[in-house]
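Student: Structure for the following, please:
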Amino acid sequence: MSTITQRGLQKAGLSRRSLLTATGAAAIGLTFTACGEKPKATPGGEEPKLNFYNWDTYIGETTLGDFKKATGVDVNMSLFATNDELFAKLKAGNPGFDVIVPSNEFVTRMSQAGLLEPLDHAKIPNMKNIDPSFLDPEYDPGRKFSMPYTWLLLGIGYRKSKVQGVPDSWKWLFDSDKYKGRIALLSESADLVRLCAKYLGHSVNNIPEDMLPKIEQMLIKQKPFVKAFHDDNGQDLLVSGEVDLVLEYNGDIAQVMKDDPDLDFVVPKEGSLINSDTLCIPKGAPRPNNAHAFINYLLDAQAGAEISKTILYPTPNAAAKALMPDDYKNNKVIFPPADVMAKCEYGAFEGAEKASQYEELITRVRAA
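Tutor: Below you'll find the predicted structure:
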């Protein structure tokens, strides 16, 4: 797909995941290729090529072409829709990907399953640009397998003219008929279960077994009032007027708020779930030197700023953030205040059995 077409998709407000649903790309294996001159030979004896497996609309408008101009390496970008899809694809054997973008708990899950290559930090000098607070996360101590790409925070996107006051509690999504038929929930099972636990006063992690039936019954009771379970295109439902309240990521709502002043975003008072998307090299990557060079390029200050200008997600790249305009750096939707963040947590990978338990719970809710 050309840069022009990709830019059009960005302006259409498609999230990092929603494009796949619209185009059927998950089924046909849609691939983006950087445009430019014929690739030159690269050091290290690798062919001047790289296969990048990414979320949709989750890269700068010219990033792939700029990397090719700088290195001669042509990037083919294929798309996945969920972490589960990414995990299943790699579990079956790496079909040729060099760099992938799993979320935090899937870094843990994939590294434990032997699906990731350890990173050579000496080949990633731009690691120095990362905010120190992101250098030693619990999901990947010492950044052995991953480099941070973005971070994300779930909250409630809403239309101000249709909602009374600020919907500052998960109650309005999970436990109330006040906006029946005007609500959309994210379809990812672990996120939903964890946020319900947060609403009920528990951490998003180590949820006790006896709380799960309470969560299930609460969501089954709420289901008749829910318009849709969406695949991370909740901002589109909000923009179109199909719903007035939506569970969605801060970056997605920040994108559409630029063009619609009637939209806003709030992190509920109970706290929320933080996610982080990362850059990893999968086991068996055919071009590990090119992979390290690409990750290092994405962590460059200017390249990182160009990515952030396009996708409007919070960046963990301190050098890139410093180059961004004030309306990004001071945007409280993109970077919520410290007192809000203090109530938010990362979700930890607690084993495949627990992940399946959450998936089965939400399957039962949706079938009820």
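Student: can you pull out the helices in the stretch 51-200 of the chain?
Tutor: Ranges of helices within the stretch 51-200 of the chain are 63-71, 83-91, 104-112, 171-174, 189-199, based on DSSP state H, counting those that start in this stretch.
Student: Going by mean pLDDT, which of those helices comes out lowest?
Tutor: In terms of mean pLDDT, the lowest-scoring of the helices of the stretch 51-200 of the chain is helix 83-91 (a mean of 91).
Student: With only the CA atoms kept, save that helix in PDB.
Tutor: What follows is helix 83-91, C-alpha atoms only, in PDB (Å, rounded to 0.1, in the frame of the first residue of the first chain):
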ATOM      1  CA  ASN A  83      -1.900 -10.500  20.300                       C
ATOM      2  CA  ASP A  84      -3.600 -13.900  20.300                       C
ATOM      3  CA  GLU A  85      -3.200 -13.900  16.500                       C
ATOM      4  CA  LEU A  86       0.500 -12.900  16.700                       C
ATOM      5  CA  PHE A  87       1.200 -15.600  19.300                       C
ATOM      6  CA  ALA A  88      -0.600 -18.300  17.300                       C
ATOM      7  CA  LYS A  89       1.300 -17.400  14.100                       C
ATOM      8  CA  LEU A  90       4.700 -17.500  15.900                       C
ATOM      9  CA  LYS A  91       3.900 -20.600  17.900                       C
END
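Student: next one: stretch 260-271 to chain centre, how far?
Tutor: Its chain's average C-alpha position is 18 Å from that of stretch 260-271, according to CA atoms, centre = their mean, to the nearest Å.
Student: could I get the helices of the stretch 51-200 of the chain as a markdown table with mean neighbour count and distance to Asp252?
Tutor: (Each C-beta comes from the backbone N, C-alpha and C, glycine too.) Converted to a markdown table, the helices of the stretch 51-200 of the chain look like this (neighbours: other CB atoms under 10 Å; distance: least, CB to CB, whole Å):
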| stretch | mean neighbour count | distance to Asp252 |
| --- | --- | --- |
| helix 63-71 | 19 | 19 |
| helix 83-91 | 18 | 17 |
| helix 104-112 | 22 | 18 |
| helix 171-174 | 21 | 16 |
| helix 189-199 | 23 | 14 |
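Student: Any idea which of these gets closest to Lys227?
Tutor: Proximity to Lys227, assessed across the helices of the stretch 51-200 of the chain by CB to CB, is greatest for helix 171-174 (11.3 Å).
Student: Check the offset of that closest one from the chain's centre.
Tutor: Using CA atoms, centre = their mean, the offset of helix 171-174 from its chain centre is 23 Å.
Student: What lies in contact with it?
Tutor: The contact list for helix 171-174, computed with CB atoms under 8 Å, 6 or more residues apart in numbering, reads 156, 167, 178-179, 183, 185, 195-196, 199, 218-219, 222, 245, 247.
Student: Stretch 158-166 too?
Tutor: 167, 179, 182, 238, 241, 244-246, 262-266.
Student: So what angle separates the directions of the top helix by length along the chain and helix 189-199?
Tutor: Taking DSSP state H as the criterion, the chain has its longest helix at helix 352-367. Counting by axes from the mean of the first three to the mean of the last three CA atoms, to 10 degrees, helix 352-367 lies at 80 degrees to helix 189-199.
Student: From the contact counts, what lies against helix 352-367?
Tutor: Where contact means 3 or more CB pairs under 8 Å, 6 or more residues apart in numbering; DSSP states H and E, helix 352-367 is packed against helix 189-199, helix 212-222.
Student: For His292, find the nearest of those helices.
Tutor: Closest among these, using CB to CB: helix 189-199, at 30.6 Å.
Student: so what does the closest one touch, helix or strand wise?
Tutor: Using 3+ CB pairs under 8 Å, 6+ apart, helix 189-199 is in contact with helix 171-174, helix 212-222, strand 273-279, helix 352-367.
Student: distance between the ends of stretch 165-174?
Tutor: 18 Å (CA to CA, to the nearest Å).
Student: How far off centre is it?
Tutor: On the basis of CA atoms, centre = their mean, stretch 165-174 sits 23 Å off its chain's mean C-alpha point.
Student: again with stretch 243-262
Tutor: Offset of stretch 243-262 from its chain centre (CA atoms, centre = their mean): 15 Å.
Student: mean confidence score for it?
Tutor: 94.
Student: which parts of it are buried?
Tutor: 243-257 (16 or more other CB atoms under 10 Å).
Student: And the chain, what are its domain boundaries?
Tutor: The chain breaks down into these domains under automatic domain parsing: 3-151+275-329, 154-274+335-367.
Student: mean pLDDT for those: which is lowest?
Tutor: domain 3-151+275-329 (a mean of 84).
Student: Report the distance from it to the chain centre.
Tutor: Offset of domain 3-151+275-329 from its chain centre (CA atoms, centre = their mean): 11 Å.
Student: ok, now stretch 320-337?
Tutor: The chain centre lies 18 Å from the centre of stretch 320-337; the measure is CA atoms, centre = their mean.
Student: Residues touching that stretch, excluding its own?
Tutor: 129, 131, 153, 250-251, 253-254, 257, 264-265, 267, 300-305, 307-309, 312-315, 344.
Student: Apart from its neighbours in sequence, what residue is nearest Glu345?
Tutor: Spatial nearest neighbour of Glu345, excluding adjacent residues (CB to CB, 6 or more residues apart in numbering): Val204 at 5.0 Å.
Student: ok, now Pro125?
Tutor: Per CB to CB, 6+ apart, closest to Pro125 is Asn296, 6.5 Å.
Student: Quick one: list the elements packing against the strand or helix carrying that neighbour.
Tutor: Using DSSP states H and E, Asn296 falls within helix 288-298. Counting contacts by 3+ CB pairs under 8 Å, 6+ apart, helix 288-298 is packed against strand 49-54, helix 63-71, strand 99-100, strand 147-159, helix 301-311.
Student: Can you lay out the ones you listed as TSV showing distance to Tyr328?
Tutor: Shown next, in TSV, are the helices and strands packed on helix 288-298 (distance: least, CB to CB, whole Å):
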stretch	distance to Tyr328
strand 49-54	21
helix 63-71	17
strand 99-100	25
strand 147-159	13
helix 301-311	7
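Student: Thank you, goodbye.
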